[in-house]
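> attaching a predicted model along with its sequence, questions to come.
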Amino acid sequence: MIYKFNKILLFCIFCFGISNAQVKITSYNLLNYPGTDTTTRNPYFRTVISSINPDILVVQEITSQAGVNGFLNGVMNYNGNVYSTGLFIDGPDSDNGIYYKTALFIFLSNTPIHTDLRDINEFKLVHISTHDTLRIYSVHLKASEGSANELSRATEVDSLRKVTNALPSNSYFIVCGDFNIYGSSESAYQKLLQVTSGNDGNFNDPLAMTGIWNNSIYSLYHTQSSRVRAFGGGSTGGLDDRFDMMLYSNAIKNPGGITYVPFSLTPYGNDGNHYNDSINKPPNAVVSQLIANAIHYSSDHIPVYSLFTFSPSISINKISSNVPPTFKLYPCYPNPLNPSTRIKFDIPKNTFVKIEIFDILGTGITTIVNQKMNAGSYSVEWNGSQYSSGVYFYRLETEEFTDVKRMMLIK
């Protein structure tokens, strides 16, 4: 199995090369799929999915293995064999599922986190070209207003945080799904963002939305309900709640590796002009009437996606375990470079180390080291192939030391 996995990795690296890749991750509550009428619903879902073209689709309210297979064949792969589905686990209530482009990812595992109502699922995948492991937590928290329901949601988040708090530092993970949270002061939301000592398990919200979210000032980010009349068992009332979110770990917040693309979070089809209204009421300023109708008739939630950049792993070589006497940043070699060079540095104590590259204007263009390191002497390679010729600077920064040196890229 390991041999087969490595062959796949080497094949994809040979064919596609190692370069930055942008990945679209989408979350979508499918409204008790398959329900009773996939003949009617599947064409609407196909319109929505084909227009988004997700690299990973995480779904909630899928009710059976037959539903998982039906959505794969009748929606995701209707026009070609592009997607695979991860292992489905049939829990005590409606469940979570995942679909991913087979050319981009390898699925590793589905681990359920049990709660009193329904499972939270940890989907773990490997990005083929960069080898990065990503954990995606899909949630469907307790619905409805009231203190008892808020307490249930907070308890479910406690179960999630026990898992993320135990992950290794600098792990890449996101949480997405139907949170049923009504505002920033709710305990469940606060627990998701809470920074606790001794672990790295908190989440980051790309949106700063304070107060109650059922408010016209937040109309651009509402995800439920897509409709104002009742049919198919869905909720009504028009777009007025931000129930569907996508939050990410500190490692994704920081530069390098997997990173969130700023301002990319998109409640698909919401133009901000349909507060308390159906998403398909003409006109819709961001999608066609065909797509707006498809979103309206397929589910009572609208899909939400974010973009993430997957950058190649950077190899840090430990030259010596001997403890150097001082911090030191050496001249890079070769310099001038075409297109890569190695940067050597000494760390006399265990500390957090950051090495960042700047252009001639002083703008940071990439971070090649951003982690806690043990004392020793190290070198790291920087490849400037995607940048233009010119003068660049590299800066070593720790809690106690900062130094900057110059280099010249010539192509």
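Good, I have the coordinates.
> longest strand of this protein, counting residues only.
Using DSSP state E to define each element, the chain has its longest strand at strand 21-33.
> what packs against that one?
Under the contact criterion of 3 or more Cβ pairs under 8 Å, 6 or more residues apart in numbering; DSSP states H and E, strand 21-33 touches helix 38-52, strand 56-62, helix 65-71, strand 133-140, strand 173-178, strand 244-248, strand 304-310. (Each C-beta comes from the backbone N, C-alpha and C, glycine too.)
> now residue 143: how far from residue 60?
Distance of residue 143 to residue 60, computed by Cβ to Cβ, to the nearest Å: 12 Å.
> who has more neighbours out of those two?
More neighbours surround residue 60 than the other of residue 143 and residue 60, with 27 against 14 (other Cβ atoms under 10 Å).
> centre of the chain to the helix or strand harbouring residue 318, how far?
Using DSSP states H and E, residue 318 falls within strand 316-320. Distance, stretch centre to chain centre, for strand 316-320: 31 Å (Cα atoms, centre = their mean, to the nearest Å).
> partner strands of the very next helix or strand once past that strand, parallel or antiparallel?
Where DSSP H and E defines the elements, the next helix or strand beyond strand 316-320 is strand 328-329. Here strand 328-329 is paired, per DSSP bridges, with strand 340-347 (antiparallel).
> and the angle from the strand it pairs with to strand 316-320?
50 degrees (axes from the mean of the first three to the mean of the last three Cα atoms, to 10 degrees).
> what's strand 340-347 in contact with?
319, 324, 326-330, 332-335, 353, 355, 368, 373-385, 394, 396, 398, 407 (Cβ atoms under 8 Å, 6 or more residues apart in numbering).
> select only the buried ones of those residues in ChimeraX?
Applied in ChimeraX, the following selects the buried portion of the contacts of strand 340-347 according to 16 or more other Cβ atoms under 10 Å:
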select :324,327,329,332,353,355,368,373,376,377,378,379,380,382,384,394,396,398,407
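> for residue 405, helix, strand, or coil?
strand (DSSP: H, G, I helix; E, B strand; the rest coil).
> pretty sure it sits against residue 392.
No: counting by Cβ atoms under 8 Å, residue 405 does not reach residue 392; the two are 9.9 Å apart.
> which of those two has more residues huddled nearby?
residue 392 (21 against 15).
> hey, what's the residue sitting nearest the centre point of the chain bridged with?
With distances taken as Cα atoms, centre = their mean, the residue of the chain nearest its centroid is residue 174 (4.9 Å). Beta-bridge pairing of residue 174 under DSSP bridges involves residue 136, residue 248.
> which residues does it contact?
The neighbours of residue 174, taking Cβ under 8 Å, 6+ apart as the test, are 25, 134, 135, 136, 137, 203, 246, 247, 248, 249, 252.
> so what does the strand holding residue 318 touch, helix or strand wise?
Partner elements for strand 316-320 (3+ Cβ pairs under 8 Å, 6+ apart): strand 376-383.
> what segments of the stretch 51-200 of the chain are strands?
Counting by DSSP state E, counting those that start in this stretch, the segments of the stretch 51-200 of the chain that form strands are 56-62, 83-85, 95-101, 105-113, 120-127, 133-140, 173-178.
> okay if I get those as CSV plus distance to residue 72?
Compiled in CSV, these are given as follows (distance: least, Cβ to Cβ, whole Å):
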stretch, distance to residue 72
strand 56-62, 10
strand 83-85, 5
strand 95-101, 7
strand 105-113, 13
strand 120-127, 15
strand 133-140, 16
strand 173-178, 19
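> what number of residues lie near residue 317?
Residue 317: 11 neighbours (other Cβ under 10 Å).
> before we move on, what about residue 321?
Neighbour count for residue 321, taken as other Cβ under 10 Å: 9.
> my guess is it contacts residue 373, does it?
No: counting by Cβ under 8 Å, residue 321 does not reach residue 373; the two are 11.9 Å apart.
> for the protein, which helix or strand comes out least confident on mean pLDDT?
Here the helix or strand of the chain ranked lowest by mean pLDDT, DSSP states H and E is helix 2-16, holding a mean of 37.
> can you list the domains in this structure?
Under automatic domain parsing, the residue ranges defining each domain of the chain are 2-310, 316-409.
> which residues touch the helix or strand hosting residue 369?
In the assignment (DSSP H and E), residue 369 maps to strand 364-373. Strand 364-373 is contacted from outside by 169-170, 254-256, 314, 316, 343, 347, 350-359, 380, 382, 387, 392, using Cβ under 8 Å, 6+ apart.
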